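Undergrad: build me a structure from this.
(chains A and B)
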Amino acid sequence: ETGVTQSPTHLIKTRGQQVTLRCSSQSGHNTVSWYQQALGQGPQFIFQYYREEENGRGNFPPRFSGLQFPNYSSELNVNALELDDSALYLCASSSWGARTNEKLFFGSGTQLSVL
Amino acid sequence: AQSVAQPEDQVNVAEGNPLTVKCTYSVSGNPYLFWYVQYPNRGLQFLLKYITGDNLVKGSYGFEAEFNKSQTSFHLKKPSALVSDSALYFCAVRDSSGGSYIPTFGRGTSLIVHP
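TA: This is a model prediction of the structure:
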């Protein structure tokens, strides 16, 4: 077990709704990144947070947004859900340092289904 | 730009036989390379990494990987496969230059070890 916890484990929403996914980082880690893993694909980087600020973003529209809190936990918010947003959403924590993101610790993910 | 390719969607091997899961990469600078494993309904778990130094890297669960700069490859290997090694394996690459700390993941290779 990595010590990274995500909630909920499963979620069903309808198109147009909004969703919030949550992640608690591993103790001692100050960086959180979020990934979208569609069925049969590798994880696609959404964004990364360090010290409560976004410091990296992948090719995702602005309706994907996030937060990092002082305790380094994080939220991923998705507005105006689309059918293609159905995927496993993975949170990964790491420690920002001399070798940033050398090793990511992943949670078990939230399986989002958009109907 | 950085990219990684896993040319095989699936690898089948008999228990006790050696296994190889292939990965090739493309980066502008020097690569940082990673292998992760994903079991059903779980997040990704770190196996091993290559940053610098010896081309043969040893990791968790008896896995190792060989960095080959001329062939831009980082194949995952294990001398004797176990049924419990059956899982999804992801290769990832990060360019050591350019300031990007975000790894790019491959599409994954499903390893099936037959008893």
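
Undergrad: when you work out contacts or count neighbours from here on, use the C-alpha atoms and nothing else.
TA: Fine.

Undergrad: for B:Val4, what are its contacts?
TA: By CA atoms under 8 Å, 6 or more residues apart in numbering or on different chains, the residues touching B:Val4 are B:Cys23, B:Thr24, B:Tyr25, B:Ser26, B:Cys91, B:Ala92, B:Val93, B:Thr104, B:Phe105, B:Gly106.

Undergrad: run a quick neighbour tally on the first one.
TA: It refers to B:Cys23. Residues lying near B:Cys23 (other CA atoms under 10 Å in any protein chain shown) number 26.

Undergrad: equivalent analysis for A:Leu90, please.
TA: 27.

Undergrad: around chain A, which positions in chain B sit nearby?
TA: B:41-46, B:49, B:90, B:101-102, B:104-108 (CA under 8 Å from any CA of the partner chain).

Undergrad: where does pLDDT dip in chain A?
TA: A:1-2, A:97-101 (pLDDT under 70).

Undergrad: next, format the contacts of B:Val4 as CSV and append distance to A:Gln68.
TA: What follows is the contacts of B:Val4, written out as CSV (distance: CA to CA, whole Å):
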residue, distance to A:Gln68
B:Cys23, 33
B:Thr24, 34
B:Tyr25, 32
B:Ser26, 32
B:Cys91, 27
B:Ala92, 25
B:Val93, 25
B:Thr104, 22
B:Phe105, 24
B:Gly106, 27
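
Undergrad: which of those residues ranks first by neighbour count?
TA: The most crowded member of these is B:Cys91, carrying 31 neighbours; neighbours defined as other CA under 10 Å.

Undergrad: what does chain A put close to chain B?
TA: So chain A meets chain B at A:2, A:40-45, A:56, A:90, A:100-109 (CA under 8 Å from any CA).

Undergrad: now the buried members of those.
TA: A:2, A:42-45, A:90, A:101-109 (16 or more other CA atoms under 10 Å in any protein chain shown).

Undergrad: for B:Glu64, which non-adjacent residue is spatially closest?
TA: In this structure, B:Glu64 finds its nearest non-sequential neighbour in B:Lys58, 4.3 Å apart by CA to CA, 6 or more residues apart in numbering or on different chains.

Undergrad: from what I see, the one you found and B:Phe34 are in contact.
TA: No - the pair B:Lys58 and B:Phe34 fails to qualify as a contact (CA atoms under 8 Å) at a distance of 11.5 Å.
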